[in-house]
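Asker: Predicted model, plus sequence, below.
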Amino acid sequence: MKLIKSLFAVAVATMSLTQTAHAFEERVVVLVNDTPIMQSQVQRVLGKKKATETAQRAAIDQVIDDMLVQQAMKEAGVKVSPAAVNQAVENVAIQNGITYGQLLDALDYQGITLEQFKRNIAQQMAMEQVRHISISKSIQVAPQQVQALAKDLMAKDKAAGKLKTVSGKEHRISHILLKTNPILNDAQAKAKLSSLTTDINSGKISFEEAAKTHSVDYASGADGGDLGFNFLEIYDPAFANVASKIKPNQISAPFKSQFGWHILKVTDTRNGDRTEDAYHQRAYQQLVNKQAEEASKDWVKALRKTANIQYVGQ
């Protein structure tokens, strides 16, 4: 009799588990650029949290963001060289005031192998490149916006008696900008630009290709570093000073402005009264800077702006 009761209990438990399994049916909850996100992926993020509507949506958003980052990395074809990773590891030791050996000891103490640490560093470096690309793609300035703001800026300057009429020589300049971060310090930024200059001069890569790949001036980088025709007074003093002295199509030595580290070349010059153009450029730059600043605060949101996200059954 006890055996029958035990078998009955097992049968009931089995039925209960089967019903639970059927209750949790695998389903698609979101399509991200036509790639499905399954409920099981969301469940893994939720873990043991109560699946409230707020928690469910937060978990879905996290999975979407992770997928967008992975898709962006794949699409960009970002590659980080082993030499760059090794240099970054050495920089971590230098920046923390310890020897390479002491860094290895610290990693060992935390149960992290050198290869794991290198993979993490490579991931960070790749993510930084993807971040630059995604922000660049997210910036969209309509001509109507530029015209409206330029008109407003000119009207305000006229009313205040501060209208700046601009005439004289304009320079068409292309540049590559690098900004320091926890992985890239001043010395490294300067060295990287010097290395790029060598590669450009030797024909390994064109200035335009280098700008598209490496420049963090997202607006001009997409155009091969071209800033168009402008009067030098609109630029940072350090930038204008270098541009005024360099020979046509000669690449400058790396230099630092308030915006970061640059190399530049002057591709053309011209004369004329360009007051309205100057205000248009000023308006354009203000709009771009504002969008870039907003996108930099949460660059993953920039990925969402260009993604096709469809919620299924919601």
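Answerer: Alright, I've got the coordinates.

Asker: So, low pLDDT: which residues of this protein?
Answerer: 1-25, 295-298, 313-314 (pLDDT under 70).

Asker: Would you map the helices across it?
Answerer: 2-23, 39-46, 53-76, 82-95, 100-109, 114-138, 143-159, 186-201, 207-214, 218-221, 237-245, 275-297, 299-305 (DSSP state H).

Asker: And the third one, what does it pack against?
Answerer: When you say that, I think you mean helix 53-76. Other helices and strands packing on helix 53-76, by 3 or more Cβ pairs under 8 Å, 6 or more residues apart in numbering; DSSP states H and E, are strand 28-32, strand 35-38, helix 39-46, helix 114-138, helix 299-305. To be clear about C-beta, it is placed using only N, CA and C from the backbone, and glycine gets the same treatment.

Asker: for the last one, packing partners?
Answerer: Okay, so that is helix 299-305. helix 53-76, helix 114-138.

Asker: Including mean neighbour count and distance to residue 287, could these go into CSV?
Answerer: Putting these into CSV (neighbours: other Cβ atoms under 10 Å; distance: least, Cβ to Cβ, whole Å) gives the following:
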stretch, mean neighbour count, distance to residue 287
helix 53-76, 16, 24
helix 114-138, 17, 13
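
Asker: nearest to residue 277, of these?
Answerer: Distance to residue 277, taken as Cβ to Cβ, is lowest for helix 114-138 among these, at 23.8 Å.

Asker: Show me what the closest one is packed up against.
Answerer: Under the contact rule (3+ Cβ pairs under 8 Å, 6+ apart), helix 114-138 is packed against helix 53-76, helix 82-95, helix 100-109, helix 218-221, helix 275-297, helix 299-305.

Asker: CA atoms of the last one as PDB?
Answerer: Yep, that's helix 299-305 we're talking about. C-alpha atoms of helix 299-305 as PDB (Å, rounded to 0.1, in the frame of the first residue of the first chain):
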ATOM      1  CA  TRP A 299      25.600  55.600 -26.400                       C
ATOM      2  CA  VAL A 300      23.500  52.500 -26.400                       C
ATOM      3  CA  LYS A 301      20.500  54.700 -26.900                       C
ATOM      4  CA  ALA A 302      22.200  55.900 -30.000                       C
ATOM      5  CA  LEU A 303      22.100  52.300 -31.300                       C
ATOM      6  CA  ARG A 304      18.300  52.200 -30.600                       C
ATOM      7  CA  LYS A 305      17.800  55.300 -32.800                       C
END
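
Asker: re the thing from before, any chance of the helices and strands packed on helix 299-305 in a markdown table, plus distance to residue 240?
Answerer: Formatted as a markdown table, those follow (distance: least, Cβ to Cβ, whole Å):
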| stretch | distance to residue 240 |
| --- | --- |
| helix 53-76 | 33 |
| helix 114-138 | 24 |
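
Asker: Each with direction, which strands does the lengthiest strand in the chain pair with?
Answerer: When the chain is parsed with DSSP state E, its longest strand is strand 260-273. Take DSSP bridges as the rule and strand 260-273 pairs in its sheet with strand 167-178 (antiparallel), strand 255-257 (antiparallel).

Asker: residues of the shortest one that come out buried?
Answerer: Buried residues in strand 255-257, counting neighbours by 16 or more other Cβ atoms under 10 Å, are found at 256-257.

Asker: Residue 184 is in contact with residue 214, correct?
Answerer: No - between residue 214 and residue 184 there is no contact under Cβ atoms under 8 Å: 10.9 Å.

Asker: Determine the residues that are contacts of both of the two.
Answerer: 178, 192 (Cβ atoms under 8 Å, 6 or more residues apart in numbering).

Asker: And the helices of the chain: which comes nearest residue 264?
Answerer: That would be helix 237-245 among the helices of the chain, by Cβ to Cβ, at 6.2 Å.
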